[in-house]
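1. Here is the input, now give the coordinates:
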Amino acid sequence: MSTSHTLIRLLTANAFFAGLGSDAIETIAGLCTTRSLARHEILFQKGDPGDALYAVRRGQIRIGAGTDAGRAVTLNLLGSGDVFGEIAFLDGHLRTAEAVALEPTDLFVVERRDFLKLLARDASLAAQIIGLLCQRLRWMSDRMEEATLLPLDARLARRLIMLSQDYGAEIPVTQQELAAFVGAARESVNRILQDWRGSGIIDLGRSRVTVRVAQRLVALGDRAQT
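-> Below is the predicted model:
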């Protein structure tokens, strides 16, 4: 399958790009180039120019940031079909986080200068992009609310459910990454995971969490709202 056809398939499966229609998706796919990253290779760092939009063809990308105290915070884990880097890409400002490959990764790349020319020609596409940015702002607002108001087990349950929506029941994630996701110590996360394993909710493997009873995790994540 050609690079263009593969990107069309990924964009069509993406919740945002699917709404653009086949003509727009084909046009966007025609702008793309490819790039490969080695394990632990940095794609961009905080403060770098936002000069490209990325889609993961295969592999895994960690989006993260550092705190003033020197802690690393994982903001998102991205896998095949995920699109990222759009905020700095669209507003022309500097990157607000870093992106690192957690394993050998192949990316589709669309340069900002080429995409802006497309937006200038297509007002409906520009409106869809505004919608995407609003979705991301809501997502970040939800993460801030979780970190402020929810107990650790509820935050962890929600994160596993979100990751399972992307990766299925078998999630390729380490306990350290989960701890960074929810802003807690690895030891605290391990205690909760071990308890859930004992209850049959999940299984634990090397750099992997398998969700056995998703409904229990959903209930744990929702209980703080009741």
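
2. Low-confidence ranges, this structure, go.
-> Counting by pLDDT under 70, the ranges of the chain that qualify are 1-2, 14-16, 19, 67-71, 132-133, 136, 139-148, 223-226.

3. ok, now with 50
-> Per-residue confidence for the chain (pLDDT under 50) gives these ranges: 226.

4. Now do the helices in it.
-> Along the chain, the segments classed as helices by DSSP state H run 3-13, 22-30, 86-91, 112-121, 123-149, 152-167, 175-182, 186-198, 214-222.

5. Run the angle between the fourth one and helix 22-30 for me.
-> Regarding helix 112-121 and helix 22-30, their directions subtend 160 degrees when assessed with axes from the mean of the first three to the mean of the last three Cα atoms, to 10 degrees.

6. could I get helix 112-121 in CSV with only the CA atoms?
-> Extracted in CSV, the C-alpha atoms of helix 112-121 (Å, rounded to 0.1, in the frame of the first residue of the first chain):
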residue,chain,number,x,y,z
ARG,A,112,2.9,23.9,8.3
ARG,A,113,3.5,26.0,5.3
ASP,A,114,1.8,23.6,3.0
PHE,A,115,-1.2,23.0,5.3
LEU,A,116,-1.8,26.7,5.8
LYS,A,117,-2.1,27.2,2.0
LEU,A,118,-4.7,24.5,2.0
LEU,A,119,-6.7,26.1,4.8
ALA,A,120,-6.6,29.5,3.0
ARG,A,121,-8.3,27.8,0.1
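
7. And it, what does it pack against?
-> With contacts defined as 3 or more Cβ pairs under 8 Å, 6 or more residues apart in numbering; DSSP states H and E, the secondary structure elements packing on helix 112-121 are helix 22-30, strand 52-58, helix 86-91, helix 123-149. Where you see a C-beta, it was placed from the backbone N, CA and C, and this is true even at glycine.
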